[in-house]
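**Q** Okay, here's the prediction I keep looking at, along with the sequence it came from:
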Amino acid sequence: MSIRIESRENSLVKRLVRLSNDRKFRKEMQEMVCEGEKMLGEALSSGMDIHDILVAEDAELDTELLRQAEGQGAKLYICPSSLLGKVSNVKTPQGVVFSCERPVAELRVLQEAKRLMVLEGLQDPGNLGTIIRTADAFALDGIILCEGCVDPTSPKVVRATMGAAFRMPIAAAPLEQTVAFLREQNMPLYAAALSESSVPLTHVDLTRAAVMIGNEGRGITKKAAALCTQQIIIPMDGRAESLNASVAASIIMYEMSRKV
């Protein structure tokens, strides 16, 4: 059964807008906002806990999908398309906006992991979203976000993952805590870096390992370089000195999966 909303002053509308724009609020409420029928289907098929669904009155959506969400406890709201446009985070709203649980885990969920990506200071939402999506494609076991990373539950990041955000285990932890955790698991930490001490990634065993990618402009920090097991580099014969962070991560993840 749906509830009709007409005003932008409605408490649900305000909540969805705040979840979309406020990182601190998302973390506090352990909740995030997503948009679109495809994302709703991905969230449901991944077993995510859907909370509230706001649908534009003229949207042509799969009613079975909405019934499935309601059957799992989600609350359904209907509103004018103009009001949904105020809530939407994109120029062309996709007819449905929904809130769901925030899928960011503790390090302990990665205790059985064999292949991990560790990110430090990654700031671009598109880069993070692409890395999450690629990690899902190459069946990595998880991603760890250290200091300075963009929020993995921001609408831009989640949208760029194309649903992988619901499936890929993502943990957030300080660098030193992450390093200590990896050492407890006897897992080497390699850092992608342009340095004299870097060795080609084909020269290290990535069968069971974690690989770090740093900030888009500065790379890994000196602190990270000192804590990692070894610095690695992607061998390149061309004239480009470096690669985009998500491209570099994708090549490394392919190499990690190829060695399984």
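**A** Structure received. Numbers count the residues shown, from 1 in each chain.
**Q** Not counting sequence-adjacent ones, nearest residue to the residue most central in space within the chain?
**A** Centrality entry for the chain: nearest residue to the mean C-alpha point is residue 152, 4.1 Å, by CA atoms, centre = their mean. Among residues not flanking residue 152 along the chain, residue 170 sits closest, at 5.3 Å (CB to CB, 6 or more residues apart in numbering). C-beta: built from backbone N, CA, C; applies to glycine.
**Q** Phi first, then psi, for that neighbour.
**A** Here is the backbone geometry of residue 170 (degrees, to the nearest 10): phi -130, psi 120.
**Q** ok, now how distant is the closest residue to residue 209 other than its chain neighbours from residue 2?
**A** In space, and not counting its chain neighbours, residue 209 is closest to residue 188: 5.1 Å by CB to CB, 6+ apart. Going from residue 188 to residue 2 by CB to CB, to the nearest Å gives 53 Å.
**Q** And for residue 126?
**A** 34 Å.
**Q** before we move on, the earlier item: pretty sure the residue nearest to residue 152 contacts residue 105?
**A** Yes - Residue 170 lies in contact with residue 105 (CB atoms under 8 Å); the separation is 6.5 Å.
**Q** More neighbours: those two, which one.
**A** A side-by-side neighbour count of residue 170 and residue 105, using other CB atoms under 10 Å, places residue 170 first with 24 against 15.
**Q** so how far is residue 181 from the more buried one?
**A** Residue 170 is 14 Å from residue 181, by CB to CB.
**Q** How far off centre is stretch 45-63?
**A** Chain-centre distance of stretch 45-63: 21 Å, with CA atoms, centre = their mean, to the nearest Å.
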